[in-house]
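Trainee: give me the fold of what follows.
(chains A and B)
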Amino acid sequence: MKAPPIMLVCPPAERVRVRVRLCGAFREAVAEGALAVDVPRGTTVAAFREHLKAALARARPGWRGSDLVDASVLASASEILPESYALGHAPEPVTIAVLPPVCGG
Amino acid sequence: MSFVVAEVSGAAITPERVARELSGADHGAQVVFWGVVRGTNACRAVVAVTYDAHVELAERIFRDIGDEARARWGSQLRVIVIHRIGRLDVGEASVAIGVASPHRDAAYEASRHVIEQLKVRSPIWKQEHYADGAAGWLPGHALARAG
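Mentor: The predicted model follows:
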């Protein structure tokens, strides 16, 4: 007797809410200066940029900020995050800042 | 007293504060640079500038720059970096860089180094407010991606 086929069901990727602090020119898109973006847990910083672009487009339709996102880096409270850093691996809430090109002084 | 003072603040930067932080019996030279809000930029009349910052990271980077200066020009160097945030009128000080050292060469060179590094590495942004009522964030230097 032939064994029934095994059905492989992959659970949906767990999602994590990333709170994004908007700095500098990003405040034009969202006056409150912050945005929440839900992404699959483990999304890298490099991949997160596309999620951020989509979230900004939803928050402020017509705002042309894709190039600014590409020119920006993402940071924690104390350091610029590596592009390969996976968001949501730590148990604490994920809060990051998006830093556009700088011009202090 | 710390050899590196790194601060981002909404409070006005005063000459008295800078002088107090720099004073020391072994330091025969003090150089202080003041960055001040300018009333024109690119042929437009500016009435004010709003400074935004990632405060925690900016202060850490100020300390890094100060430590780098001490490694290069001597551990006796005292470095202070104070940057304002918020809306500043034309003529107000946005940043003060103070360097004290035993001799003047190191103080001049380190001061220039600190302000130039601050401008390209510190997460600080400025929005100019113009006389015609418009406002705009200035373009700047992209920070280097990590990793």
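Trainee: show me what from chain A comes close to chain B.
Mentor: Taking C-beta under 8 Å from any C-beta of the partner chain as the test, the list of chain A residues beside chain B reads A:21, A:23-25, A:27-28, A:71-73, A:75, A:77-85, A:97, A:99-105. To be clear about C-beta, it is placed using only N, CA and C from the backbone, and glycine gets the same treatment.
Trainee: just the buried ones from those residues?
Mentor: A:21, A:23-25, A:27-28, A:72-73, A:75, A:80-81, A:83, A:85, A:97, A:99-105 (16 or more other C-beta atoms under 10 Å in any protein chain shown).
Trainee: looking at the residues of chain A next to chain B, which are in strands?
Mentor: The strands, defined by DSSP state E, take in A:21, A:73, A:75, A:97, A:99 from the residues of chain A next to chain B.
Trainee: which residues sit in contact with residue B:28?
Mentor: Residue B:28 is in contact with B:101-104, counting by C-beta atoms under 8 Å, 6 or more residues apart in numbering or on different chains.
Trainee: how close does the residue nearest to residue B:39 when sequence neighbours are not counted sit to chain A?
Mentor: Leaving out its chain neighbours, the residue that sits closest to residue B:39 by C-beta to C-beta, 6 or more residues apart in numbering or on different chains is residue B:90, at 4.3 Å. Note on residue B:90: its distance to chain A, by C-beta to the nearest C-beta, to the nearest Å, is 15 Å.
Trainee: thinking residue B:90 is in contact with residue B:47, fair?
Mentor: Yes. With contact defined as C-beta atoms under 8 Å, residue B:90 and residue B:47 form a contacting pair (6.4 Å).
Trainee: give the intersection of the neighbour lists for those two.
Mentor: With C-beta under 8 Å, 6+ apart, residue B:90 and residue B:47 have common neighbours residue B:39.
Trainee: check which helix or strand covers the residue most central in space within chain A.
Mentor: With distances taken as C-alpha atoms, centre = their mean, residue A:48 lies nearest the centre of chain A, 3.8 Å away. Using DSSP states H and E, residue A:48 sits within helix A:45-59.
Trainee: can you check residue A:88 too?
Mentor: Per DSSP H and E, there is no helix or strand for residue A:88.
Trainee: contacts only, for it.
Mentor: Listed by C-beta under 8 Å, 6+ apart, the contact set of residue A:88 reads A:16, A:18, A:39, A:41-43, A:94.
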